[in-house]
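Trainee: Make a model of this:
(one chain, ligands or ions: 1)
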Amino acid sequence: MDVGTYKEHMPQAILKQQSLRERLEILADAAKYDASCASSGTAKKNSIGGKGVGSTEGMGICHAYAPDGRCISLLKVLLTNHCIFDCHYCINRKSSNTPRARFTPQEVADLTINFYKRNYIEGLFLSSGIIKSSNHTMEQLMETARILREEYDFRGYIHLKTIPEADPELIEQAGMYADRVSINVELPTRAGLTRLAPDKDEAEIEGALAKTSARIIQAKDERKRFRHAPRFAPAGQSTQMIVGADDANDTAIVSRAAGLYGNFGLRRVYYSAFSPIPDASAVLPLKRPPLMREHRLYQSDWLMRFYGFGANDVADATEDDGNLPLDIDPKLAWALKFRGEFPVDVNRASKEQLLRVPGLGTTAVGRILKARRYRRLRLEDVGRLTQSIAKVRPFLVAADWRPTQLTDRADLRSMLAPKLEQLELF
Ligand code: SF4
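Mentor: From the prediction side, this is the model:
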């Protein structure tokens, strides 16, 4: 692979002409396509008592807006948008005509601290195009985090995107400074990755995820035994998959996500609906997939993490083309396909059975289990615990309610399907 050099592509004279603000505009804009930043779950650190600067306490530290208006992060910036790789779906790929810029690690650290002190942000999400080499890029990312932590005593949230091709020791060091690290698997299938990201290698990506996962488990174990053992990415690792840039269906995407959760203990898999970029490669689809598809994938992800569904259950809820229906949520789709499992008796059913009932969320199920210890629940009691009793009724038996024939109705789906523009929860 011809990796070129940074200077070939970005003469110093051009760099010097760009003001800090111009570079920030370019590099913050270039980072907006990455959805994999959320700050939940990290260790609590703060500067109460005058020690250090910053805090990780509080949710949703990073927010930014994707082209479609979704709120996805806060100070989210690239170190550089120059890249020696040529991933077809990426605006920063080597062959793209996009304006380029770069920061030094010191500049990003200074920006972070200055923005933090002005209350603009509470943390940093830092990613980068690959400059010179994977190791060099990883060193630069790590150096930014090191300056923030060691020189500024910054205790706020840092999420570093790590480079799977970099030396494991560099990723190890990054994890010592960052709250969360992430490595994007990019595409759901190996074939998709080979076609659309020819410089990337699935085995290398999964190898880096495995090493990071093992290191996170080791650090947690050490901290159980030694209070002062160093932390390593206490908010865990996450990844992102692009949806709709290749022909992988939802069954393939959900199955890959389940494998990633199971094999690498990921905190989150983010699904990012492919959005056509300016100056797009000819191998990409011209249209983005419906945003609702991304939403249905997040719902099925939720079902797998909190409702006891397996990837096979989600696959069972898909249509003939292997994609989840867009007009109803995946839990309702599953229930409509397996009507024989319903209705379940709200006063006798197991927690697992109740979690399968469309319209009952985890909180409602917890309340039902608690309340029925003291009395037999009527439909009205369940209604007080849910947002939509109409959705629950066909699938539930209560002390005063039995849905005769309701689950057998041919028009049950249309009765329960929300209006398309609504993004309903469970
Ligand atoms: S490695 Fe690929 S996805 Fe990442 S910045 Fe470079 S071209 Fe874009």
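Trainee: give me the number of residues near L286?
Mentor: Number of residues near L286 (other C-beta atoms under 10 Å) recorded here: 7. Bear in mind the C-beta positions are built from the backbone N, C-alpha and C, glycine included.
Trainee: pretty sure it is touching P276, no?
Mentor: Yes. Taking contacts as C-beta atoms under 8 Å, L286 lies within contact range of P276: 6.5 Å.
Trainee: got the residue ranges for the helices in the stretch 251-400 of the chain?
Mentor: Shown for the stretch 251-400 of the chain, the helices assigned by DSSP state H, counting those that start in this stretch span residues 291-306, 311-316, 330-337, 351-355, 362-371, 379-385, 389-392.
Trainee: Now do the first one and helix 330-337, the angle between them.
Mentor: Going by axes from the mean of the first three to the mean of the last three C-alpha atoms, to 10 degrees, helix 291-306 is angled at 80 degrees with respect to helix 330-337.
Trainee: Show me what helix 291-306 packs onto, helices and strands only.
Mentor: With contacts defined as 3 or more C-beta pairs under 8 Å, 6 or more residues apart in numbering; DSSP states H and E, helix 291-306 has these neighbours: strand 237-243, helix 250-264, strand 268-273, helix 311-316, helix 330-337.
Trainee: what does it contact?
Mentor: If you take C-beta atoms under 8 Å, 6 or more residues apart in numbering as the criterion, helix 291-306 is touched by 68, 243-244, 250, 253-254, 257-258, 261, 269, 271-273, 309-311, 313-314, 317, 323-326, 329-331, 362, 420, 423, 426.
Trainee: picking that back up, just name the most buried of the helices of the stretch 251-400 of the chain.
Mentor: For the helices of the stretch 251-400 of the chain, the largest average neighbour count (mean count of other C-beta atoms under 10 Å) is found in helix 330-337, namely a mean of 23.
Trainee: picking that back up, drop anything exposed from the contacts of helix 291-306.
Mentor: 243-244, 250, 253-254, 257-258, 261, 269, 271-273, 309, 311, 313-314, 317, 323-325, 329-331, 426 (16 or more other C-beta atoms under 10 Å).
Trainee: Quick check: which of the helices of the stretch 251-400 of the chain is nearest to the ligand?
Mentor: With C-beta to the nearest ligand atom as the measure, helix 291-306 is the member of these nearest the ligand (18.4 Å).
Trainee: for the closest one, the distance to its chain's centre please.
Mentor: Centroid displacement of helix 291-306 relative to its chain, using C-alpha atoms, centre = their mean, to the nearest Å, is 11 Å.
Trainee: Same question for stretch 26-36.
Mentor: Worked out by C-alpha atoms, centre = their mean, stretch 26-36 lies 14 Å from the chain centre.
Trainee: For it, list the C-alpha coordinates in CSV.
Mentor: Backbone C-alpha positions of stretch 26-36 (Å, rounded to 0.1, in the frame of the first residue of the first chain) are rendered in CSV as follows:
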residue,chain,number,x,y,z
ILE,A,26,-13.1,21.6,9.2
LEU,A,27,-12.2,19.0,11.8
ALA,A,28,-15.4,19.2,13.9
ASP,A,29,-17.4,18.9,10.7
ALA,A,30,-15.4,15.9,9.6
ALA,A,31,-16.1,14.1,12.9
LYS,A,32,-19.9,14.4,12.7
TYR,A,33,-20.3,11.1,10.8
ASP,A,34,-19.1,9.1,13.8
ALA,A,35,-22.1,8.1,16.0
SER,A,36,-20.1,6.1,18.5
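Trainee: hmm, that stretch in reach of the ligand?
Mentor: No. Stretch 26-36 is not in contact with the ligand by C-beta under 6 Å from any ligand atom; minimum separation 8.2 Å.
Trainee: Average pLDDT for that stretch, rounded please.
Mentor: Average pLDDT, stretch 26-36: 76.
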